[in-house]
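A.B. asks: Following is a predicted model, sequence given first.
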Amino acid sequence: MTDLAVTPLAAAAAASTPAAPALGFAHFLGQTDAVGHTLLGILVLMSLVSWVLIVTKGVAMFTRQRRSRAFLSLFWNARSLEAVQDEISTHGAPDPFSHLTAHAMRARAHHAKYGAARLEEAGSEQDFLTRTIKKVLDEATLELESGLAVLATIGATAPFVGLFGTVWGVYHALLAIGQSGSSSLDQIAGPVGEALIMTGIGLAVAIPAVMGYNWLTRSNRVMAAKLDAFAFELFTFLSTGHSLKGGAVDGRDEPPRNVRSLQAKGPSA
C-alpha cells in the first residue's frame, strides 16, 4: 500500500519539474546577443577567406611549378636564345621564368636599338639589363607574397576573436544564472560549456590559416631562390653569350651536356 501511495506522488512531482533545456550550439546561438552573432560571423568570414586563399594560391603554385619546369627544360635544351624567344612569342610567358626571360631579352633588344633615350635607360646595356631583371624579380616576389599577410593576420587573431566570444558568452551565462537564483553545477556547467564553443571555432579557423601560411611561404621561398639563380644565369647569357660553369639552376649542378654556349644576335655591351 505504501508503494502504491508514493508512486502517484512521485509521478506528480516529476511531472511538475520543468525539463532541462537541450544544450548545444543551436541553443547557444539562440541565447547569445548581437555581439555573439557578430563575432561568430567574423570567424565564419575569416574561415572562408583563409580557405579561398589557401586553395587558390595552392592551385596557382602547382600550376606555376609545372609550367616553370616545362620552360626550364625548353630553355636548357634550346640551341639558341632566338629559339627561346620564338617559343615565348608563340606560347606566351605564363610562368615567372619565361616572364623574366621575355622582359630581359626585350630590354636587351630595346637598348641595342634605341640606346639610352630616356633617363630610366641611362647607363650601359648591362646596367639597363640589370635594372630590368631586378624590377621583374621584385614584381614576381610581390605576386608570390600577395595574400599571405591576410593569412597571417587570420591565424594570429582568430583565436582571440573566439576567446572574446567565450568571455562574452560566459558573462551572459553567469548573469542569467544569477537572475534565476540557481547555483547548482548542472545549471552552471551547461551555459559555460556552450560559451567555450567560440574558442573552439576560433582555433578551427586559425590552425588551417597558420598551416597554409607556412606551406605557401616555404614554397614561395624555394621558387624565389630558383628564380634568382636563373636570373643570374640569364644575365650571363645575355651579357656574354656563355653559361656559367657549375651554375646550379632548377636543381642541377650544371646545364645538360647537349647544350652548347648560347649566342644571341645583336651587339654586346
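C.D. replies: On my side now, so go ahead.

A.B. asks: who touches stretch 207-222?
C.D. replies: Contacts with stretch 207-222, where a contact means CB atoms under 8 Å, 6 or more residues apart in numbering, come from 46-47, 50-51, 53-54, 57-58, 61, 144-145, 148, 151-152, 154-155, 158. In short, each C-beta sits where N, CA and C put it, glycine included.

A.B. asks: Select from those residues every entry located in helices.
C.D. replies: Residues of those located in helices (DSSP state H): 46-47, 50-51, 53-54, 57-58, 61, 144-145, 148, 151-152, 154-155, 158.

A.B. asks: Now list the buried members of these.
C.D. replies: 46-47, 50, 53-54, 57, 61, 144, 148, 151-152, 154-155, 158 (16 or more other CB atoms under 10 Å).

A.B. asks: Would you mind giving these as JSON lines with distance to Ile197 and pLDDT added?
C.D. replies: JSON lines is the format used below for these (distance: CB to CB, whole Å; pLDDT from 0 to 100):
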{"residue": "Met46", "distance to Ile197": "16", "pLDDT": "95"}
{"residue": "Ser47", "distance to Ile197": "14", "pLDDT": "95"}
{"residue": "Ser50", "distance to Ile197": "19", "pLDDT": "95"}
{"residue": "Leu53", "distance to Ile197": "25", "pLDDT": "95"}
{"residue": "Ile54", "distance to Ile197": "24", "pLDDT": "95"}
{"residue": "Lys57", "distance to Ile197": "30", "pLDDT": "94"}
{"residue": "Met61", "distance to Ile197": "34", "pLDDT": "93"}
{"residue": "Leu144", "distance to Ile197": "37", "pLDDT": "89"}
{"residue": "Leu148", "distance to Ile197": "29", "pLDDT": "93"}
{"residue": "Leu151", "distance to Ile197": "24", "pLDDT": "94"}
{"residue": "Ala152", "distance to Ile197": "25", "pLDDT": "94"}
{"residue": "Ile154", "distance to Ile197": "19", "pLDDT": "95"}
{"residue": "Gly155", "distance to Ile197": "20", "pLDDT": "94"}
{"residue": "Ala158", "distance to Ile197": "14", "pLDDT": "94"}
